[in-house]
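K.L.:
Below are the sequence and a predicted model for it; my questions follow.
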Amino acid sequence: MAAKRRMLLLLLIFLLTGVLAHAQANGGSTPRAPQIYGLGDQMIYIDGGMLVPLFYMDEGGNGFPTNLTLGAIASVGWNSFLSNTFSLGAELGGTFSFSPNGRTLVMIPLTGKVTYWLRFYPFEFPIYMGAGINFMKLSNYLYIGPILKPGIGAYYDITSKWAVGLNFVYWWVPEIYFGPNPPASQSRFGNFLEISASGVFHF
């Protein structure tokens with residue numbers, strides 16, 4: 001477990017170091033100005049970090065442990081601005097973690113995303129809601145269902161093109177059955193917390 005945490009920490013450090021180095025080499029001396037976005041402005045980003053399993057809940061509202069290890073996560077996304085404060089986008093991610101008996105749980109969510117942006121130059125604070133489809137695989141079992149991903153981020157504008165930041169995203173992952181196999185009583189609602197670092201490019 002300690003080795004996995006060290007690996008995730010190293011991945012975050014490499015991500016932030018790479019983005020900072022690239023920004024310094026490609027315009028780090030460019031004078032910065034407060035970001036003002038308009039219709040047609042866009043951004044792409046890459047996230048990397050960890051997914052913390054919180055708890056499962058059944059249809060009766062009873063909560064119980066996930067019995068999963070800390071997960072590694074990566075995602076890539078795109079936003080298109082409608083105004084200086086609102087954007088629409090899409091995100092494709094992936095995460096994996098392990099059960100006590102060594103089975104691997106893989107989740108690949110594909111979500112649409114609406115974001116509201118708060119700005120206190122040179123910082124940006126996106127508040128967003130993602131919703132879409134989650135592909136979940138445990139051993140040979142595949143389940144396709146919905147997912148909701150509300151979140152908040154804190155970004156620092158290095159230049160007019162590049163930014164780095166942190167994200168805190170809540171994953172709500174329903175796993176709903178209608179019976180008879182599996183029975184409806186085995187429906188579950190997964191709750192996870194994503195903590196990730198971002199490298200962002202504006203264009």
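P.N.:
Yes, it's here.
K.L.:
those helices in this protein, which residues are they?
P.N.:
2-25 (DSSP state H).
K.L.:
measure the residue located most distally from the centre of it to residue 142 for me?
P.N.:
Relative to the centre of the chain, and counting by CA atoms, centre = their mean, the farthest-placed residue is residue 180 at 33.9 Å. Taking CB to CB, to the nearest Å as the measure, residue 180 and residue 142 are separated by 19 Å. To be clear about C-beta, it is placed using only N, CA and C from the backbone, and glycine gets the same treatment.
K.L.:
With residue 87 instead?
P.N.:
Applying CB to CB to residue 87 and residue 142 gives a distance of 32 Å.
K.L.:
and the two? which has more neighbours close in?
P.N.:
residue 87 (22 against 10; other CB atoms under 10 Å).
K.L.:
in the sheet, who's paired with the more buried one?
P.N.:
residue 81, residue 115 (DSSP bridges).
K.L.:
Touching, it and residue 117? I think so.
P.N.:
Yes. Residue 87 lies in contact with residue 117 (CB atoms under 8 Å); the separation is 7.0 Å.
K.L.:
Please enumerate the shared neighbours of the two.
P.N.:
Common neighbours of residue 87 and residue 117 (criterion: CB atoms under 8 Å, 6 or more residues apart in numbering): residue 37.
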